[in-house]
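Student: No sequence on hand, only this structure:
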Ligand code: ADP
């Protein structure tokens, strides 16, 4: 679904050029759930922004399916992002003066869906995410976890093929974080390809593959065993954990 070849990114400050992505080669297949990890400043967000088509200043090749992103102009990239990609941010990025339903409708308003169909899609996702009762509230009237649910609803309402998330639980407490990660797993099981950036080992375990970056280099790439579901935990194991 995604192939990066020799992707490089640098920033110029005065006379110095700092390289933040170095010859990145990466293939992500449809249905994967990938986690970018690595120390602060390693280039994780920079790489996610390249994938999200939020950044134009990189070199190399980026294939999105059959589409050579590197050959597209800015408008074509923006169209591709609107059609195929959803993005979730650590600080939610909701519009404060729009209601929950209006925030979720926003990506649909950029497309040529008839208003009736849009209303139906928003109603469906409010229902799926169990936030129907919040639809007329403003973001400031919601908890952080609820705001992030709305952020994810907005990112997936147009059924993107690729969902990108930059520290999606970074501002949440652990129970809310687990709920958000469970939701990512459901979306992934339903066929959405997911790439997240996180510092959290626990969040990473919800994914199926870890890509590690260090100083802009792709230094490690390995599959993860499936996360055991609570039902599969053996009684012996539960006792062990409880006795610690
Ligand atoms: P991470 O997400 O792994 O913490 P980032 O991708 O945010 O890392 O940043 C990688 C490096 O790129 C850092 O050294 C950061 O300072 C630098 N960087 C990111 N954005 C900019 C920018 N707009 N201008 C200059 N340097 C930047």
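Tutor: Looks like it arrived, so ask away. Given the structure is predicted, the values throughout are model-derived calculations rather than measurements.
Student: Quick one: name the residues of the protein near the ligand.
Tutor: With C-beta under 6 Å from any ligand atom as the criterion, the chain meets the ligand at residues 11, 20, 38, 40-46. C-beta coordinates here come from the backbone N, C-alpha and C atoms, glycine included.
Student: let's see 5 Å
Tutor: Proximity of the chain to the ligand (C-beta under 5 Å from any ligand atom) is limited to residues 11, 20, 40-46.
Student: Just among those, which is most surrounded?
Tutor: residue 44 (26 neighbours; other C-beta atoms under 10 Å).
Student: Give me the pLDDT for that residue.
Tutor: pLDDT recorded at residue 44 is 97.
Student: pretty sure it contacts residue 212?
Tutor: No - with contact defined as C-beta atoms under 8 Å, residue 44 does not reach residue 212; the gap is 9.2 Å.
Student: how about low-confidence regions in this protein?
Tutor: Low-confidence segments of the chain (pLDDT under 70): 228-244.
Student: the helices in it, which residues?
Tutor: Here the chain has its helices, by DSSP state H, at 44-51, 74-84, 100-109, 115-128, 144-156, 174-189, 201-204, 235-243.
Student: now these as CSV including distance to residue 94?
Tutor: Formatted as CSV, the helices of the chain follow (distance: least, C-beta to C-beta, whole Å):
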stretch, distance to residue 94
helix 44-51, 19
helix 74-84, 18
helix 100-109, 5
helix 115-128, 14
helix 144-156, 6
helix 174-189, 15
helix 201-204, 21
helix 235-243, 37
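Student: Determine which of those approaches residue 137 most closely.
Tutor: Residue 137 lies closest to helix 100-109 among the helices of the chain, at 5.7 Å (C-beta to C-beta).
Student: the inter-axis angle of the closest one versus helix 144-156?
Tutor: Angle of helix 100-109 versus helix 144-156, following axes from the mean of the first three to the mean of the last three C-alpha atoms, to 10 degrees, is 20 degrees.
Student: How about helix 100-109, which residues are buried there?
Tutor: By 16 or more other C-beta atoms under 10 Å, the buried positions in helix 100-109 come out as 100-105, 107-108.
Student: Which other helices and strands does that helix contact?
Tutor: Helix 100-109 sits against helix 115-128, helix 144-156, with contacts defined as 3 or more C-beta pairs under 8 Å, 6 or more residues apart in numbering; DSSP states H and E.
Student: and those, which is most packed in?
Tutor: Highest mean neighbour count among the helices and strands packed on helix 100-109 (mean count of other C-beta atoms under 10 Å): helix 144-156, with a mean of 22.
Student: residues in contact with it?
Tutor: With contact meaning C-beta atoms under 8 Å, 6 or more residues apart in numbering, helix 144-156 is reached by 86-89, 92-94, 100, 103-104, 106-107, 125-126, 129, 131, 134, 139, 142, 163, 168-169, 171-173, 175-176, 179-180, 183-184, 187, 192.
Student: at 7 Å instead, please
Tutor: With contacts defined as C-beta atoms under 7 Å, 6 or more residues apart in numbering, helix 144-156 is touched by 86-89, 92-94, 100, 103-104, 106-107, 125, 129, 131, 134, 139, 142, 163, 168, 171-172, 176, 179-180, 183, 187, 192.
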